[in-house]
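based on what follows, work out the 3D shape:
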Amino acid sequence: MHLDAIGSDKPIIGMVHLPALPGAPAYDGDFEAVREAAVRDARRLESGGVDALMVENFGDAPFYPEDVPKHVVASMTRVAGDLREAVDLPLGINVLRNDAAAALSVANAAGAGFVRVNVHVGARVTDQGIVEGRAHETMRLRERLESDVAVLADIDVKHSAPLAERAPDEPEGEEVAEAIERGLAEGLVVSGAGTGHAVAGDHLSATVAARDERGLDAPVFVGSGVTAETVAEVLDAADGAIVGTALKEGGETTAPVDEERVRELVAVADEAR
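Numbering: from 1, shown residues only. As a prediction, this is how the structure comes out:
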């Protein structure tokens, strides 16, 4: 279980934010339009030079906390299959809010290489209530599927707060160790307070330092708020970045991908790595 399939030093992973899927309140009844929008964004991201893609059901708010309906799994598997045919890039899956089993199942069926799990270990207070990590279930499911899909686990995930404060000495260190050593995640994601929000520099540096001090072999990705203006600084500290909002028309998260914005950010990233 490795992230070597991304095939780049300090990769830029471009987000494919899906419109609302069937069954969600904002779904407009046109699934073909959902598929076409996903393929359009994926192709623009590929043409702009990103190293990999991640697709998530961003339009499905309000999100199920931990167990999405079967029709969501079916819809995401169909779209992920479309993306695998449309572009020649590694693909990741994130099923919001925190259905790691669904993400892993979609990834395994569609030939994706990695998943993002917002709460892999521990527990967080979110707008869906208390969300608990289920690493014990996720990693055993991966074994049953005989899958090599890698798990990226969030540290202090966006749109959430800790259920209880940790001891004041190196809280990131404990969470890092638990995600990798006990949760068996292959990589980590750090993000800001919400979608499009920059990660605090001390949070990123503390996470990287905790990883290094423990001698753990796991890349640290920045998962929100990366822009063309900040990507060089981010890649100086992190091992890669997951970028969504900054690559959209007008910098709006729900807008289509803007290929020129992608090219601009990737060009800066190329100079920095």
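
just give the closest residue to Trp105, not the sequence neighbours.
Wrong residue type there; residue 105 is Ser, not Trp. Val73 (6.4 Å; CB to CB, 6 or more residues apart in numbering). For glycine as for every other residue, the C-beta is placed from the backbone atoms N, C-alpha and C.

buried residues, the helix or strand encompassing that neighbour. List them.
Here Val73 sits within helix 70-86, counting by DSSP states H and E. Using 16 or more other CB atoms under 10 Å as the test for burial, helix 70-86 gives 72-73, 75-84.

report all helices and strands that the next helix or strand after it contacts.
Once helix 70-86 ends, the next helix or strand along the chain (criterion: DSSP H and E) is strand 91-94. Packed against strand 91-94 by the contact rule (3 or more CB pairs under 8 Å, 6 or more residues apart in numbering; DSSP states H and E) you find strand 52-56, helix 70-86, helix 100-110, strand 114-117.

which one of the ones you listed lies closest to Ala246?
Ala246 lies closest, by CB to CB, to one member of the helices and strands packed on strand 91-94: strand 52-56, at 14.4 Å.

and the angle from that closest one to helix 70-86?
160 degrees (axes from the mean of the first three to the mean of the last three CA atoms, to 10 degrees).

pull up the pairing partners for strand 52-56, direction included.
Its sheet considered, strand 52-56 pairs with strand 12-17 (parallel), strand 91-94 (parallel) by DSSP bridges.

look at Val189 and say how many residues are nearby.
For Val189, the neighbour count with other CB atoms under 10 Å is 31.

what about the chain, any weak spots by pLDDT?
When residues are selected by pLDDT under 70, those of the chain lie in 1-5, 7, 166-172, 193-194, 196, 201.

give me that answer again for 50
Counting by pLDDT under 50, the chain contains low-confidence ranges at 1, 168.

helices of that one, residue ranges please.
With DSSP state H as the criterion, the chain has helices at 31-48, 70-86, 100-110, 135-144, 171-177, 201-213, 231-237, 259-272.

could you say which of those is packed most deeply?
Stretch with highest mean neighbour count among those: helix 100-110 (a mean of 24; mean count of other CB atoms under 10 Å).

quick check: end-to-end length of stretch 131-148?
26 Å (CA to CA, to the nearest Å).

what about that stretch, distance to the chain center?
Taking CA atoms, centre = their mean, to the nearest Å, one finds the center of stretch 131-148 at 17 Å from the center of the full chain.

name the residues that touch the helix holding Val73?
For helix 70-86, the surrounding residues in contact (CB atoms under 8 Å, 6 or more residues apart in numbering) are 16, 18, 21-23, 31, 34-35, 38-39, 42-43, 53, 55, 57, 60, 64, 91, 93, 95, 102, 105-107, 109-112.
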